[in-house]
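Novice: Attaching a predicted model along with its sequence, questions to come.
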Amino acid sequence: METGQQILNAISLGGIYALLALGLAIVFSILHLINFAHGELITLPAYAMYGMYLLGLPWVAFAAISILVGVVAALAMERIAFRPVRDASPATLLLTSLGLSIIIQSLLQMLISPRERAVPQPDWLLDSFEVAGLRVQAVQLLAIGVTIVSLVALTLIMQRTRMGIAMRAAAEDFDATRLMGISANRVIALAFAISGLLASLAAILLLARRGTVHPSMGLLPVLKAFVATVLGGFGSLAGAAVGGFLLGFLEVALRAWLPQDVAGFTEGILFAIVGFLLFLRPNGLFGRAEVVRA
Amino acid sequence: MLLAVDGLTVRYGPVEAVRSATLHVEQGETVALIGPNGAGKTTFLSAVVGLLSPTTGSVAFDGREITGMRTESIVRLGIGLVPEHRRLFRNLTVRENLEIAAPGRDGEEEDRERLLERFPILRERSDQLAGYLSGGEAQQLAVARALVARPRLLLLDEPSLGLAPLIVDEVFRLIGELREQGTTILLVEQNAYHALEVADRAYVMRTGELEGGGPADALLDEQELLRAYLGGGL
Amino acid sequence: MRLGPRAAAVLGGWGLIGLLAAGAALYSATGGGAREQQVTILLVYVVLVVGLQIFVGNSGVFSLGHVALAAVGAYTVAILNADPQLKEITIENAPFGLVEVQLPLAVAVAVAVVVAALFGFVSGLAITRLAGLAAIIVTLALLVIVRNVAINWDELSGGAEGLYGFSTIDSMWWAVAAALVAVTVALLFRESRLGLRLQASREDDLAAAAMGVDIRRSRFAAWIVSAAVAGLGGALFALIVGTVTPDEYYLHLTLLTLAMLVLGGMASVTGAVLGAVVVYAGSEVMADIGEGPVVAGFDLPEIVGLPTLFLGVVILAVMIVRPSGLVNDRELHHLVGSLGRRLSRGRPAKTAPAPAPAQLAERPRARLAVAAATKTFQGLTAVNDVSLEVASGEIIGLIGPNGAGKTTLINAISGVVPLSEGEITLDGDRMNGLPPSRVARRGIARTFQNIRLFGALSVRENVAVTAGVAGTDEAEVDAILHRFRLDAVSDRRAKTLAYGQQRDLELARAVALRPSVLLLDEPSAGMNSVETERLREQLRRLREDVGCGVIVVDHDLAFIMALCDRVYVMNEGRLISSGTPGEVQQDPAVVKAYLGTRAAGGAPPPPKAAPPRAVPPAP
């Protein structure tokens, strides 16, 4: 496949990873929580779409409901699972999110089905057309479009609205933010809501690409999002977005350039590169923290 | 009494940083709390404003018990704190630092305008990141930020910290002006002379224990001060 | 009969496994083959979790990659032990002539352990440099990479279908033996000097480094040992299940073992074992319920995924209710010990009477020189051209108002922060630029402004960490504990001590390093006058008996002036005065720095609405 095609692929995949990484990073920057259950914020909206499909509703309804589900699930997570452990160590927070993730996955297994379920996507989404000699899939266009709109919207929120400014302030100095009379709970809830929104957008795009739902479908994406965020430098929103795109590019590049017989090693090589980069720069590419020598 | 603190004891880690402190501030007064470092003054203010929980004792604001309340709620009742080291949001612009402080009341736009007029240098630097302000400018921003919400009680934690002497003069002149306008102020300071000159009454804190509460002038004598700080003079 | 800590620990471990084995034998005796397989698998999980515990529990660094090391062990034993005829079918193109090789079972297992350890060596070179999030990701990378290679290098591994055709183990006693080995290794490591240093770094890495611990090397050693045990577990797992496939050694097993470790208490080997038993038993029960058994005549519906749900609930519940796990960091011999003590209330509490306190060793004479030290942080000059000196037997004070740069200077001397300019030498040897652990080993010890003890470790263990680094022997450790009046509490956890004793312990720990120079950062903070007086006496005696040089940073000026031979005064990063206490006290610059100046130059403050008073003459 030619380069233009690959670049398109990379941008659309990178965009999805960037959305996921941003969702993780927003919560981390304020709470220092790495939310492994972020994967379930992909799975639940996707299952909501499955439900809409079973009910015979149009795709637009799918999308709207799934976003709602994503936001509500995120808020519920915060209230039920994370508030009780709010001031705990990062390790405890991480494990809490792991436990939550497992619970949701197994409930989906038990209550719906442990097997993959097909969710047919509308025809227009699966179409592709020619633009300037490139074969562009509607899905890719949607992904790129959604990513751009989300990045712009997120930037506007963070820069122009009072709550956005409050979130940036909270990421820098949580107590000083409370001294401004801003409710800690509200800032945290908003961060989770945004993270749920971004995750559900990613879910819509991922579902369009794979066409099925499965209780563990969020696992690999959240791992990749995690990797992207750490690569970019945990705590930096811009870094998360860059990390996401970088990961997308790496993945597509590897798939394109590796000879067929070693194509299976893509995942391994990808993680090897990531490991190497982290080894060189343990705080990530944009990470700030001052490293104390041992 | 606008602020009444009674028998406050606060732990900071394994240490009892503040031991049974009692202090009050009347409406319209300026009260200074001076003392050497490590005495517990900042811990004291943190407890008043809800960032730390006291083990025993109580804090009342305008007759209302605020011990144990959340910081953001206490602030909304009308207490403003200019923290030690200012704690400005360095990655936010000057304007954003002020915007974030407004509690969303009506008239907050006018209040902010008023402050920008009062502190013209902030208007000039309105779109710069707060992290790049000089010491004096940063202190002005910190005070302005606390004033946006029109607090009834202003707490200042070591406003002269890290500032050059001429700037320190400026800062205390500002505090004097605020005092003239009738703002009730509790000023925590290491810089004893300046603090005592601008205050009506003064307390001294040494290793967690608070004493004093009499007129500030009485402590202006150098030997008295040294005795108060060191318990015996140099 | 008194047992040393190591013997007691290992005995406790054997007792634990013995109990487990007995229970397992009983269980399987009443149920036949399926039950025996259940308990054998449980014992293998014990090996895996204990292997994980060796690294995670002692270092406090989370690893998501141990299952990859187990996989290495599994594949090795499978390849080396499988029947060559079967290998002709499954991996006919295997490299290195592995198709023909068939080693006896015990040898294959031994080789598997060695290969896993080698993997540990190589992967450890990268992993142990990192901590926190970066470490978690890199261990995850290890997991993904190993599985990816296993799936794709099918000549060696049999690809996604995996391998079979090697011996299997029917009897649970091999697993019991492996569990005994694992537990012994883990307990010996935990009680070793290396283990102690690693635990210190887990409690407070900054303090551990400042006490001379080479954190990286300790982590590396733990990683390799833990890899070997993981490899053993993986090998056994393969031998019991009878096949090796890549997906078995991936996320599910990782989460399972992590949950087992966390439930029990990751800092304890006993906890690891307990966690494995509870989670596995619970899981099996859930699986049974999920099969829709007939209960009281009712046919319960089949539910899939119950064990996994159980796993998630366990993890969540533990984190919310008891994050440190069931037994926290206590081993069986601790638990039994306290029980024993409770049962024998009549007997006197402590052991033999304290021996006559040995003399604290004299330190070699030394001189620390700081020359023109400057430190800038992003435009802020915290320390500006400061020079000072201290020789053995001297006590010097470093004072100055808040923000003067004193702590930054101390941090620079102890290696926590590098200097921007200037030099620090100890007897002419350059010290600036060395990391804190090297500085400590050269003979500069310190305490911290906000006490950094190894909280969960006992008083004695805190001192033992530095004693081990400096080669100080047991007798001297006892003498130090006695000197600082800590012998009565020597077995209590450091974080349970009263504030004053915690300060004493910090001092004792620093003294055990046999320092030439001792840096004390605000030792009198939080003390009242009685305690301060006692501290002053303590430091004076230390100077007489031990002879090290001391730099004391403090705000209690009376304390400083009464204690120190010379005093340096800093303000705004610069040295503004130095000399004897008497000289410094008279220096107007010092008074001004501390008490502040009148409004000089600018307009006077607005007049107060109070009667005018006489303005005291300017100094």
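Specialist: That came through fine.

Novice: rest of the way, CA atoms for contacts and neighbours
Specialist: Will do.

Novice: Residue A:237: neighbouring residues, count only.
Specialist: 24 (other CA atoms under 10 Å in any protein chain shown).

Novice: before we move on, what SS does residue B:23 have?
Specialist: Following DSSP: H, G, I helix; E, B strand; the rest coil, we place residue B:23 in the strand state.

Novice: for residue C:388, same thing?
Specialist: Put simply, residue C:388 is strand when judged by three-state DSSP.

Novice: what about the residue lying closest to it once chain neighbours are set aside, how many neighbours?
Specialist: Excluding the flanking residues, the one nearest residue C:388 by CA to CA, 6 or more residues apart in numbering or on different chains is residue C:370, at 5.1 Å. Residues lying near residue C:370 (other CA under 10 Å) number 21.

Novice: partner residues bridging residue C:370?
Specialist: Beta-bridge partners for residue C:370, by DSSP bridges, are residue C:388, residue C:424.

Novice: mind checking pLDDT for it?
Specialist: Residue C:370 carries a pLDDT score of 93 in this model.

Novice: wait, is residue C:63 part of a helix?
Specialist: No. Looking at residue C:63 with three-state DSSP, it is coil, so not inside a helix.

Novice: Got the confidence number for it?
Specialist: For residue C:63, pLDDT reads 93.

Novice: Give me the distance between it and residue C:130.
Specialist: Remark: distance between residue C:63 and residue C:130 (CA to CA, to the nearest Å) = 11 Å.

Novice: Of the two, which one has the most company?
Specialist: The neighbour count for residue C:63 versus residue C:130, taken as other CA under 10 Å, is higher for residue C:63 (25 against 22).

Novice: I'd like to know how far the more buried one sits from chain A.
Specialist: Remark: distance between residue C:63 and chain A (CA to the nearest CA, to the nearest Å) = 11 Å.

Novice: hang on, that residue packs against residue C:57?
Specialist: No. Using CA atoms under 8 Å, residue C:63 is not in contact with residue C:57; the gap is 10.2 Å.

Novice: So what's the gap between stretch C:532-541 and the chain middle?
Specialist: In terms of CA atoms, centre = their mean, to the nearest Å, the centre of stretch C:532-541 is found 32 Å from the chain centre.

Novice: which residues make contact with it from outside it?
Specialist: Here stretch C:532-541 makes contact (CA atoms under 8 Å, 6 or more residues apart in numbering or on different chains) with C:524, C:559, C:563.

Novice: Go again with 10 Å.
Specialist: Outside stretch C:532-541, the residues within contact range by CA atoms under 10 Å, 6 or more residues apart in numbering or on different chains are C:393-395, C:483-484, C:500, C:503-504, C:507, C:523-527, C:529-531, C:542-547, C:550, C:552, C:556, C:558-560, C:562-564.

Novice: Now do the buried residues in that stretch.
Specialist: Of all the residues in stretch C:532-541, those buried under the rule 16 or more other CA atoms under 10 Å in any protein chain shown are C:532-533, C:535-536, C:538-540.

Novice: Now go through the residues you listed and say which are in helices.
Specialist: C:532-533, C:535-536, C:538-540 (DSSP state H).

Novice: in chain A, what secondary structure element scores lowest on mean pLDDT?
Specialist: The least trusted helix or strand in chain A, going by mean pLDDT, DSSP states H and E, turns out to be helix A:123-126, with a mean of 78.

Novice: The chain: strands as residue ranges?
Specialist: Since no chain was named, I'll use chain A. Along chain A, the segments classed as strands by DSSP state E run A:117-118, A:128-131, A:134-137, A:212-213.

Novice: The chain in question should be chain B.
Specialist: Listed in chain order, the strands found in chain B under DSSP E are B:3-12, B:15-25, B:30-34, B:56-61, B:64-65, B:79-82, B:153-157, B:184-189, B:201-206, B:209-215.

Novice: Please apply the same query to the stretch 301-450 of chain C.
Specialist: Assigned by DSSP state E, counting those that start in this stretch, the strands in the stretch 301-450 of chain C fall at C:367-377, C:380-391, C:395-399, C:421-426, C:429-430, C:444-446.

Novice: Check which element follows the last one along the chain.
Specialist: Downstream of strand C:444-446, the first helix or strand assigned by DSSP states H and E is helix C:459-470.

Novice: in chain B, which residue is closest to the centre?
Specialist: For chain B, residue B:156 is the residue whose C-alpha lies nearest the centre (CA atoms, centre = their mean; 1.4 Å).

Novice: Show me the beta-bridge partners of it.
Specialist: Here residue B:156, judged by DSSP bridges, has bridge partners residue B:82, residue B:187.

Novice: PyMOL command to pick out the buried ones of the contacts of stretch C:532-541?
Specialist: Buried subset of these, written as a PyMOL selection, criterion 16+ other CA under 10 Å:
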select buried, chain C and resi 393+394+395+483+500+503+504+507+523+524+525+526+527+542+543+546+547+550+552+556+558+559+560+563+564
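
Novice: For chain B, which residues are neighbours of chain A?
Specialist: Contact residues (CA under 10 Å from any CA of the partner chain) of chain B with chain A: B:49-51, B:70-83, B:86-93, B:96-104, B:145-146, B:148-149.

Novice: Filter those residues down to just the ones in helices.
Specialist: Counting by DSSP H, the residues of chain B next to chain A contribute B:71-77, B:96-99, B:145-146 to helices.

Novice: now those in CSV, with pLDDT, distance to residue C:231 and neighbour count?
Specialist: Output for these, formatted as CSV (pLDDT from 0 to 100; distance: CA to CA, whole Å; neighbours: other CA atoms under 10 Å in any protein chain shown):
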residue, pLDDT, distance to residue C:231, neighbour count
B:71, 92, 52, 28
B:72, 90, 53, 22
B:73, 92, 56, 19
B:74, 93, 57, 21
B:75, 91, 58, 23
B:76, 90, 59, 16
B:77, 91, 62, 17
B:96, 90, 56, 24
B:97, 91, 56, 25
B:98, 90, 59, 24
B:99, 88, 58, 21
B:145, 91, 60, 27
B:146, 90, 60, 25
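
Novice: near chain C, which of those residues show up?
Specialist: Counting by CA under 10 Å from any CA, no member of those reaches chain C.

Novice: nearest to chain A, of those?
Specialist: Chain A lies nearest to residue B:72 out of those, by CA to the nearest CA, at 4.1 Å.

Novice: Leaving out the residues flanking it, which one is nearest to the closest one?
Specialist: Nearest in space to residue B:72, with sequence neighbours left out and distances taken as CA to CA, 6+ apart, is residue A:181 at 4.1 Å.

Novice: pLDDT score for the one you found?
Specialist: In this model, residue A:181 carries a pLDDT of 89.

Novice: hang on, isn't it packed against residue B:145?
Specialist: No. Between residue A:181 and residue B:145 there is no contact under CA atoms under 10 Å: 11.5 Å.

Novice: Can you pull the residues that touch both of the two?
Specialist: Common contacts of residue A:181 and residue B:145 (CA under 10 Å, 6+ apart): B:80, B:100-102.

Novice: follow-up on the earlier one: buried ones in the least confident helix or strand of chain A, by neighbour count?
Specialist: residue A:125.

Novice: chain center to that helix: distance?
Specialist: Put simply, helix A:123-126 sits 23 Å off its chain's centre (CA atoms, centre = their mean).

Novice: hmm, back to that, what touches both of residue C:63 and residue C:130?
Specialist: With CA under 10 Å, 6+ apart as the test, residue C:63 and residue C:130 both reach C:136-138.

Novice: most surrounded residue in the residues you listed?
Specialist: Going by other CA under 10 Å, residue C:138 tops those with 30 neighbours.

Novice: Which of the shared contacts of residue A:181 and residue B:145 lies at the shortest distance from chain C?
Specialist: Among the shared contacts of residue A:181 and residue B:145, and counting by CA to the nearest CA, the member closest to chain C is residue B:80, at 22.8 Å.

Novice: List the contacts of that closest one.
Specialist: For residue B:80, the contact set (CA under 10 Å, 6+ apart) comprises A:179-181, B:49, B:74, B:101, B:143, B:145-156, B:185.
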